[in-house]
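> Turn this into a structure:
(one chain, ligands or ions: 1)
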Amino acid sequence: MSFTKAYGKYFDGHTSKPYDVELEIWPEKKISFFYNHRKLNWNFEEVSFEKNSDTLYITRKENHAESLRIDNPYVINLIYQSAKKSRNISWYQNILDLGFKFYAIATVTVVAAIALFYVFVIPWMSERVTEITPVEFDNKLGDSQYNQMESILEIDQKKSRILQEFASNIDFETSRKLTFKVVNDSEVNAYALPNGTILVHSGILDKISNYEQLAALLGHEATHVKERHSVKILSRAISGYIIVSAVTGDVNGIMSTIADNANQLNNLSYSRDFEESSDAGSYQILRKNKINPKGLEELFSILKEKEGLEIPKILSTHPITNDRINFAKKLVHQNEYNSIPHQELEQLFTELKK
Ligand SMILES: [Zn+2]
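Residues are numbered from 1 along each chain as shown. Prediction:
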């Protein structure tokens, strides 16, 4: 085995004076040098290494005052890599050596953990929270939302009665009481409150051209109510906070967050999985009632139409993604269905459009 020659400074531990010494570096094994006519052999197992940006200190484990200092970057690297291969570098020095790499790995790990938490843990928790929350809560929440907005809504009483009758011809397969109202508002929008109040703007009615499309829209909104999506969104928002608060012990924070979120529920949009679930629910309702499910597909093309630069408001609370369109297309085209003409729906729809 051959060694490499290099120069270093030796501190003997008795005085602070350094001595210039000529080193023999034996790869992965030891460093030897002459001092006072004696040959000293420092095996890598017997020393510890401390590397700063441009200096390497090698200290004897037996006597910390005795050390070598090396300033030549090439030699530092040579010794250091060699010592590393012999695994005599402490774990924390290894982490320091990783530098940027270490922080990048740590950051990615933390971000991945948070993502998993939001994707799996929070939705799971929110399902459990919703299960133990009585439906009465949904009703109270919806009632209070409706009371807050009632004064600014211009309800078309006559059309609301027709819409209610239209809906009464459809079995929504729920024991929840559903109330349908037409709001005089040119904004293309429709939404469901958790108490079962479904508000349909005149703006969206203007765009809808057949009763199948209207039934698809009502089925979608009714499914948001049936599946309690508002409560699930609320409990998702709160679940995250509860966990954080459980760690930090901030109970008052939890209470005020519940209050804040309840008020802001109007602004929370449904997530993609809730939208797909409501599309699937709407499809099932159409199928059960033998209404042609193409209404669902047509509804999307109506909603996706932009008027000039204006994006229909409904897309902000019920975002239509390509995934959602493909999902609905699959439902409609990959399943067999039986549709029959519905004269009552047709007639009520015509009245609604007057
Ligand atoms: Zn929706």
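> Could you list the low-confidence segments of the stretch 251-354 of the chain?
251-270, 305-321 (pLDDT under 70).
> Start and end of stretch 114-128, how far apart?
End-to-end distance of stretch 114-128 (Cα to Cα, to the nearest Å): 20 Å.
> thought residue 221 was touching residue 193?
No - with contact defined as Cβ atoms under 8 Å, residue 221 does not count as touching residue 193 (9.6 Å). For every residue, glycine as well, the C-beta is placed using N, CA and C.
> so how far is residue 179 from the residue most central in space within the chain?
Geometric centre of the chain, nearest residue: residue 118, 4.9 Å, by Cα atoms, centre = their mean. Computed as Cβ to Cβ, to the nearest Å, the residue 118 to residue 179 distance reads 34 Å.
> Report the beta-bridge partner residues of residue 19.
residue 10 (DSSP bridges).
> tally of neighbours for it?
Number of residues near residue 19 (other Cβ atoms under 10 Å) recorded here: 14.
> Repeat that for residue 124.
11.
> How confident is the prediction for it, by pLDDT?
In this model, residue 124 is scored at 86, pLDDT.
> All the strands of the stretch 1-150 of the chain, residue numbers only.
With DSSP state E, counting those that start in this stretch as the criterion, the stretch 1-150 of the chain has strands at 4-11, 18-26, 30-35, 38-43, 47-51, 56-60, 67-70.
> Pull out the buried residues from the shortest one.
Within strand 67-70, the residues that qualify as buried by neighbour count (16 or more other Cβ atoms under 10 Å) are 67-68, 70.
> so what strands line up beside that strand?
Paired strands of strand 67-70, defined by DSSP bridges, are strand 4-11 (antiparallel), strand 56-60 (antiparallel).
> repeat for the fifth one
With DSSP bridges as the criterion, the sheet partners recorded for strand 47-51 are strand 56-60 (antiparallel).
> circling back: could the buried residues of strand 67-70 be laid out in TSV, adding pLDDT and distance to the ion?
TSV is the format used below for those (pLDDT from 0 to 100; distance: Cβ to the ion, whole Å):
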residue	pLDDT	distance to the ion
67	93	71
68	93	72
70	93	68
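> And the strands of the stretch 1-150 of the chain, which one averages the lowest pLDDT?
strand 47-51 (a mean of 84).
> Centre of the chain to that one, how far?
Distance, stretch centre to chain centre, for strand 47-51: 44 Å (Cα atoms, centre = their mean, to the nearest Å).
> got the CA coordinates for that strand in PDB?
Presented in PDB, the C-alpha positions along strand 47-51 are these (Å, rounded to 0.1, in the frame of the first residue of the first chain):
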ATOM      1  CA  VAL A  47      -9.000  10.300  16.100                       C
ATOM      2  CA  SER A  48     -12.000  12.500  15.400                       C
ATOM      3  CA  PHE A  49     -12.300  14.900  12.500                       C
ATOM      4  CA  GLU A  50     -13.800  18.300  12.400                       C
ATOM      5  CA  LYS A  51     -14.000  20.100   9.100                       C
END
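> can you state the direction angle for it and strand 30-35?
90 degrees (axes from the mean of the first three to the mean of the last three Cα atoms, to 10 degrees).
> Thanks a lot, catch you later.
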